[in-house]
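Colleague: What would the 3D arrangement of this be:
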Amino acid sequence: MEELSRRRMLLAGGALGALGALGMASPARARTLWTWSPSGSVAGSGAGTDPEWVWDEEADPLLAAVIDRGDVPKVNQLLRSWTRNDQPLPDGLPPDLRDFMERARRLPSWADARKLEVAAGFNETRGIYLNLLNGVGGGMLSTAIPREARAVYYSKGGADMEDRVAKTSRLGFAIGDLNAYRPDGKVIVEAVKTRLVHAAVRHLLPKSPGWSQTSGGQTIPISQSDMLVTWHSLPTYTMRKLIEWKVPITPAESAAYLHLWQVTAHMLGIRDEYIPATWDEADAQSRQILDPVLGPTREGVELTDILLGQLAEQTSPGGIDRPLVNALARYLVGDRVADWDGIPREPFWEKAIAAAWPKLVAFREKLIPLPLVPPLAWTIDEAARQYIMFYLTKGRGTQIEIPDTNRPS
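Modeller: From the prediction side, this is the model:
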């Protein structure tokens, strides 16, 4: 713990130097100064500390101790049986870990059960859009976030991306489920387990030579800023696309969907003073911390190719043609991000999707009759459906587990 505190003091003291190094080392534009006010957060106030220099002060030293004691295999085995929000923690957990998890599993005082129920209904009725955007779209954005791409690549999960996608899908599936925050749901379980994983990675990844050489000066990964960047690549990005696609959304549904992700951010360990209170605040924060850091990396290009290859090969017996997969991903994130991710151009399918997808959305929302939907649109619709089935079923046969090593060199 003393070593962790010492490193943080060094980081705080060397902030300007680290930012300069990041600006030179990263192909993306340098970070902007943190000016977002905590008055726009769910907490309504806060110290205003730049989240770049904040991690998880409670979980980080705890998981470092769990790893150093050699407790990870035992803990992972015990936590496999913990699967429901209302389920007691399994017997046999180390006392310090149990105490932390009992606190971490509590919903924030500001959680609104009514809004969470509205969000569950919204997820059910808009599932095809939400799963497509959070799955393919969010996945392609994540590989264009240099820090996230490198953290994934050099951590243990980077060596087996099929397993890594499965573990990520568990949390995404739990968030989108109808019973997400109900007693028989799984979001609380998967979020707390993910928080443990993040803390473990913070302890392990600085020991990876590959990560250290490409981290752009960052000494401890997955800061609160990094977590917010990832958060914005999911709900903030998704809501922007839904609006762009002219999907009808009521004010109650919009507020509820934001609330679902606000509560989930809290459960993942993001401080309340950083969680945006409104979509306007979310957009403002996203423009400050997500947009400027997007860019290409070798690791991101490699991960993108693996992810899209899995989608093309495994979503159905015959698979979806890779050109269609490429074009769908490019449509979701735009040409700039797609180019950074190394996604090939597919002129035929790009034009087809750009013309057909708006018609599919309008038809699904009962805004236009069936005859106005071009026949090719159903091929695209089936590709989207196949991907969603891939995404939703991928995480059912795996468990989110605490790593105790990095990616093998």
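Colleague: Contacts only, for I222.
Modeller: W55, A151, H198, V201, R202 (C-beta atoms under 8 Å, 6 or more residues apart in numbering). (C-beta placed from N, C-alpha, C; glycine too.)
Colleague: Return the member of the residues you listed nearest to R106.
Modeller: Looking at the contacts of I222 and their distance to R106, the nearest is H198, at 18.3 Å (C-beta to C-beta).
Colleague: From P403, how far out is the nearest residue to that closest one once chain neighbours are set aside?
Modeller: Leaving aside its sequence neighbours, H198 sits nearest to I222 (C-beta to C-beta, 6 or more residues apart in numbering; 5.0 Å). Distance, I222 to P403, using C-beta to C-beta, to the nearest Å: 13 Å.
Colleague: what's the overlap in contacts for those two?
Modeller: V201.
Colleague: Contact partners for T405?
Modeller: K156, L204.
Colleague: pLDDT at it, what is it?
Modeller: For T405, the pLDDT comes out at 95.
Colleague: Then E2?
Modeller: Looking at E2, its pLDDT reads 37.
Colleague: Ok, G139 next?
Modeller: 89.
Colleague: looking at this, it is in a helix?
Modeller: Yes. Judged by DSSP: H, G, I helix; E, B strand; the rest coil, G139 forms part of a helix.
Colleague: Surely it touches I306?
Modeller: No. G139 sits out of contact with I306 when judged by C-beta atoms under 8 Å, with a separation of 10.6 Å.
Colleague: Comparing the two, which residue is more hemmed in?
Modeller: A direct count of neighbours by other C-beta atoms under 10 Å for G139 and I306 places G139 higher, at 23 against 17.
Colleague: quick one: the more buried one from T304, how far?
Modeller: For G139, the distance to T304 equals 8 Å [C-beta to C-beta].
Colleague: Repeat that for L78.
Modeller: In this view, L78 and T304 are 35 Å apart by C-beta to C-beta.
Colleague: sorry, back to before: so can I have CSV of the contacts of I222 showing distance to P108, neighbour count and secondary structure?
Modeller: Shown next, in CSV, are the contacts of I222 (distance: C-beta to C-beta, whole Å; neighbours: other C-beta atoms under 10 Å; DSSP: H, G, I helix; E, B strand; the rest coil):
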residue, distance to P108, neighbour count, secondary structure
W55, 19, 24, coil
A151, 26, 26, helix
H198, 18, 21, helix
V201, 24, 25, helix
R202, 23, 21, helix
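Colleague: Mind picking the two most distant members of those residues?
Modeller: Based on C-beta to C-beta, the longest span within the contacts of I222 runs between W55 and A151 and measures 13.0 Å.
Colleague: who's more crowded, L78 and T304?
Modeller: When L78 and T304 are compared for neighbours, T304 comes out ahead with 25 against 18, by other C-beta under 10 Å.
Colleague: tally of neighbours for the nearest residue to A329 once chain neighbours are set aside?
Modeller: Counting by C-beta to C-beta, 6+ apart, M140 is the residue found nearest to A329 once chain neighbours are left out, at 5.1 Å. Per other C-beta under 10 Å, the neighbour tally for M140 reads 26.
Colleague: Just the CA coordinates for stretch 151-162, please, in PDB.
Modeller: Provided in PDB are the C-alpha atoms of stretch 151-162 (Å, rounded to 0.1, in the frame of the first residue of the first chain):
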ATOM      1  CA  ALA A 151      -4.300  -2.500 -21.700                       C
ATOM      2  CA  VAL A 152      -6.400  -5.300 -23.200                       C
ATOM      3  CA  TYR A 153      -3.700  -6.500 -25.500                       C
ATOM      4  CA  TYR A 154      -1.000  -6.800 -22.800                       C
ATOM      5  CA  SER A 155      -3.200  -8.100 -20.000                       C
ATOM      6  CA  LYS A 156      -4.000 -11.800 -19.600                       C
ATOM      7  CA  GLY A 157      -7.200 -11.500 -21.600                       C
ATOM      8  CA  GLY A 158      -5.300 -10.200 -24.700                       C
ATOM      9  CA  ALA A 159      -3.900 -13.700 -25.300                       C
ATOM     10  CA  ASP A 160      -7.300 -15.200 -25.900                       C
ATOM     11  CA  MET A 161      -9.600 -12.700 -27.400                       C
ATOM     12  CA  GLU A 162     -12.500 -15.100 -27.700                       C
END
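Colleague: How about the contacts made by the residue lying closest to S37 once chain neighbours are set aside?
Modeller: Closest residue in space to S37, ignoring its immediate chain neighbours: G48 at 6.9 Å, by C-beta to C-beta, 6+ apart. G48 sits next to S37, P38, E273 when contact means C-beta under 8 Å, 6+ apart.
Colleague: which of those residues tops the neighbour count?
Modeller: E273 leads these on contacts (other C-beta under 10 Å) with 21 neighbours.
Colleague: State the distance from G70 to G92.
Modeller: To G92, G70 is 15 Å away according to C-beta to C-beta.
Colleague: pretty sure A277 is touching G46, no?
Modeller: No. Between A277 and G46 there is no contact, the gap being 11.7 Å when judged by C-beta under 8 Å.
Colleague: and those two? which has more neighbours close in?
Modeller: Ranked by neighbour count (other C-beta under 10 Å), A277 and G46 place A277 first, with 19 against 15.
Colleague: Enumerate every residue touching the nearest residue to the more buried one once chain neighbours are set aside.
Modeller: With sequence-adjacent residues excluded and distances taken as C-beta to C-beta, 6+ apart, A277 is closest to V42, at 5.0 Å. By C-beta under 8 Å, 6+ apart, the residues touching V42 are P108, W110, Q262, H266, D272, I275, P276, A277.
Colleague: which residues touch the nearest residue to the fourth one once chain neighbours are set aside?
Modeller: In other words, H266. Sequence neighbours aside, P108 is the residue nearest to H266 in space, at 4.8 Å (criterion: C-beta to C-beta, 6+ apart). For P108, the contact set (C-beta under 8 Å, 6+ apart) comprises V42, V263, H266, D272.
Colleague: which residues in the stretch 151-300 of the chain form strands?
Modeller: Shown for the stretch 151-300 of the chain, no strands are assigned by DSSP state E, counting those that start in this stretch.
Colleague: what bits of it have low per-residue confidence?
Modeller: 161-162, 164, 166 (pLDDT under 70).
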